[in-house]
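>>> kindly generate the corresponding structure for this input.
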Amino acid sequence: MDIQYKIIGGDGVEYGPAPLLELKNWIRDGRVAAMTKVWRSDLSFWSPADRYTELLEDLARLNASVAAAAGRALPPAGFWMRLAAFIIDLVLISILFLAVWSPMAGPRHWQIPEPPHSLTDASLQQYNQQLWMNNVLPVFYAIFLLYNVLLNGRFGATVGKMAIGAKITRLDGSPIGYSRALLRWLAARLSDFFFFSGYLLIGLRDDKRALHDLLAGTKVVFKR
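The predicted structure is shown next:
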């Protein structure tokens, strides 16, 4: 005899018995969730749906679909809020930089050079060379990269974005993960190279996506 199932619906009413295929259809229709009480004829007791291994794959699909729908419905974070988040992050990254660079700099006689008095090509080039020679830029960019990739990959947001209640997701609302967080950080450096022009798209586009969001397939949205 085939195994039969029953459920306690959201209205508190018992439904079934039904075969496994019909129960899976109920999951796809949203009638059964992870904590829905399910009875199986060969066990003769009620347990949450996620206790049955034969239902886990369908429940996972349902959860992914719900998360994606929620992600698509979240409002995008605009230019000024993202600028505020960046300023918060920049302050924290600068503190981390000084905490790492300063102990290394003393014994090696590294110094942070004074900014040039004139903004000529020659003076700016010389200043940039001094930043590299004193390992200011290498250490800063290493911290900058790790800070963004580790936080965005793990939590979907840096401290600045957490502070404004925003997060980075893929276009379907799913988490970006570490590899896409790295791709997004590298893409953002293109905007830096072209005089930060890529960030202007945040203010011009309805979806508020910057150049690096377009290249990495991401978006910045407010959390509920």
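
>>> show me the helices in this structure, by range?
Assigned by DSSP state H, the chain shows helices spanning 20-28, 53-73, 79-108, 121-133, 136-155, 159-164, 177-193, 201-204, 211-216.

>>> now the angle from the second one to helix 20-28?
Translated: helix 53-73. Helix 53-73 runs at 20 degrees relative to helix 20-28, counting by axes from the mean of the first three to the mean of the last three C-alpha atoms, to 10 degrees.

>>> what of the fifth one?
Orientation of helix 136-155 against helix 20-28 (the same axes, to 10 degrees) gives an angle of 130 degrees.

>>> could you double-check that Arg40 sits in contact with Thr53?
No - using C-beta atoms under 8 Å, Arg40 is not in contact with Thr53; the gap is 11.4 Å. Quick note: C-beta positions are derived from backbone N, CA and C, even for glycine.

>>> which of these two has more neighbours?
Each of Arg40 and Thr53 has its neighbours counted (other C-beta atoms under 10 Å); Arg40 has more, 19 against 7.

>>> so what's that one bridging to?
Arg40 has the following beta-bridge partners by DSSP bridges: Tyr5.

>>> contacting residues for it?
Going by C-beta atoms under 8 Å, 6 or more residues apart in numbering, Arg40 touches 3-5, 47, 52.

>>> and Phe86, how many neighbours?
For Phe86, the number of neighbouring residues by other C-beta under 10 Å comes to 15.

>>> so what pLDDT did it get?
Note for Phe86: predicted pLDDT of 95.

>>> next one: Ile7
On pLDDT, Ile7 comes in at 94.

>>> now it: how far from Asp29?
To Asp29, Ile7 is 12 Å away according to C-beta to C-beta, to the nearest Å.

>>> comparing these two, which shows the higher neighbour count?
Ile7 (22 against 9).

>>> in CSV, list the helices of the chain along with distance to Ala34.
CSV is the format used below for these (distance: least, C-beta to C-beta, whole Å):
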stretch, distance to Ala34
helix 20-28, 10
helix 53-73, 6
helix 79-108, 33
helix 121-133, 53
helix 136-155, 23
helix 159-164, 27
helix 177-193, 23
helix 201-204, 37
helix 211-216, 31
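
>>> out of these, which is closest to Lys223?
Lys223 lies closest to helix 159-164 among these, at 9.1 Å (C-beta to C-beta).

>>> can I see the domain layout of this structure?
With domains defined by automatic domain parsing, the chain comprises 5-73, 79-222.

>>> so the closest residue to Leu211 other than its chain neighbours versus Arg154, what's the distance?
Nearest non-adjacent residue to Leu211, counting by C-beta to C-beta, 6 or more residues apart in numbering: Gly198, 2.8 Å away. Between Gly198 and Arg154 the computed distance is 25 Å (C-beta to C-beta).

>>> could you do Asp42 as well?
42 Å.

>>> can you tell me how far the closest residue to Leu23 other than its chain neighbours is from Val13?
Spatially, and ignoring its direct neighbours in sequence, Leu23 is nearest to Tyr5 (4.7 Å; C-beta to C-beta, 6+ apart). From Tyr5 across to Val13, the span is 15 Å (C-beta to C-beta).
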